[in-house]
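Q: how does the following fold in three dimensions:
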Amino acid sequence: MLQTLRPRLGLIHQAAPLPGRQRAVTAVLAGRLGQWPLWKSLASLLYPQDLAGAHAALARLDLADKLFARCDQLSGGQLQRVGIARVLYQQPELILADEPVSALDPALARQTIALLVAEAEQRQATLVASLHAVDLALGHFSRIVGLKAGRIAFDLPVAAVDAALLQELYAGETPAAAEPLAPFAAGRQAAARAACC
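A: Model prediction:
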């Protein structure tokens with residue numbers, strides 16, 4: 001059962017679990033290990049079996065020049081994007097992303113979330129992302145699920161999520177948690193143009 005599910009499920013971790021001595025190309029190609037026969041997986045450890053595919057996935061995240069870089073030579077944001085490139089290369093039916101852009105600057109975070117949403121839409125895959133950046137969630141996703149104290153506070157289309165609902169969600173939080181409420185109006189306009197599961 002696990003063998004049939006593994007290639008259909010792509011995981012993007014907040015801190016990508018990539019061994020330091022591993023090269024970016026090997027990390028990306030690992031996305032297809034569940035789809036390749038054993039001989040190809042083992043051969044790819046000696047000589048990467050799909051250099052063009054790994055290069056293309058990294059290029060989509062502005063990391064084409066890091067193809068042969070060791071993971072311990074990459075910044076936290078670059079490591080996070082290598083983990084995303086692995087999932088893009090894998091092409092799963094379901095993408096689960098835990099804070100996929102937490103190590104990226106705001107502009108790169110927006111670009112990367114937009115890429116993930118576009119990828120999911122293009123392949124009709126399901127994308128579920130855990131984000132603390134409210135503006136990114138409102139600006140790129142069609143549905144927002146608010147969680148508070150481990151429970152679902154709301155599960156609504158983005159158009160139904162307003163500032164009062166978000167203020168209630170973040171009530172009692174530190175002021176930093178409420179800061180993302182400012183770009184709410186811009187996020188709603190962008191979300192009207194995007195659709196993602």
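
Q: can you point out the buried residues in stretch 151-171?
A: For stretch 151-171, burial by neighbour count (16 or more other C-beta atoms under 10 Å) applies to Val158, Val161, Leu166, Leu169, Tyr170. Bear in mind the C-beta positions are built from the backbone N, C-alpha and C, glycine included.

Q: longest helix anywhere in this protein?
A: Counting by DSSP state H, the longest helix found in the chain is helix 106-123.

Q: for that one, buried residues please.
A: Neighbour-count burial for helix 106-123, counted by 16+ other C-beta under 10 Å, picks out Leu108, Ala109, Arg110, Thr112, Ile113, Leu116, Val117, Glu119, Ala120.

Q: where do the helices of the chain begin and end?
A: Per DSSP H, the chain carries helices over the ranges 2-5, 24-29, 38-46, 51-59, 76-90, 106-123, 134-140, 163-169, 175-178, 184-191.

Q: closest to Gly150 out of the ones you listed?
A: helix 163-169 (13.3 Å; C-beta to C-beta).

Q: excluding covalently adjacent residues, which one is nearest to Lys148?
A: Leu169 (5.8 Å; C-beta to C-beta, 6 or more residues apart in numbering).

Q: for His140, see how far away the one you found is.
A: Distance, Leu169 to His140, using C-beta to C-beta, to the nearest Å: 18 Å.

Q: so what's the residue nearest the centre of the chain up against?
A: Compute the mean C-alpha point of the chain, and by C-alpha atoms, centre = their mean the closest residue is Pro100, 4.2 Å away. Contacts for Pro100 (C-beta atoms under 8 Å, 6 or more residues apart in numbering) come out as Ile12, Gln14, Gln80, Gly83, Ile84, Thr112, Ile113, Leu116, Ala129, Leu131.
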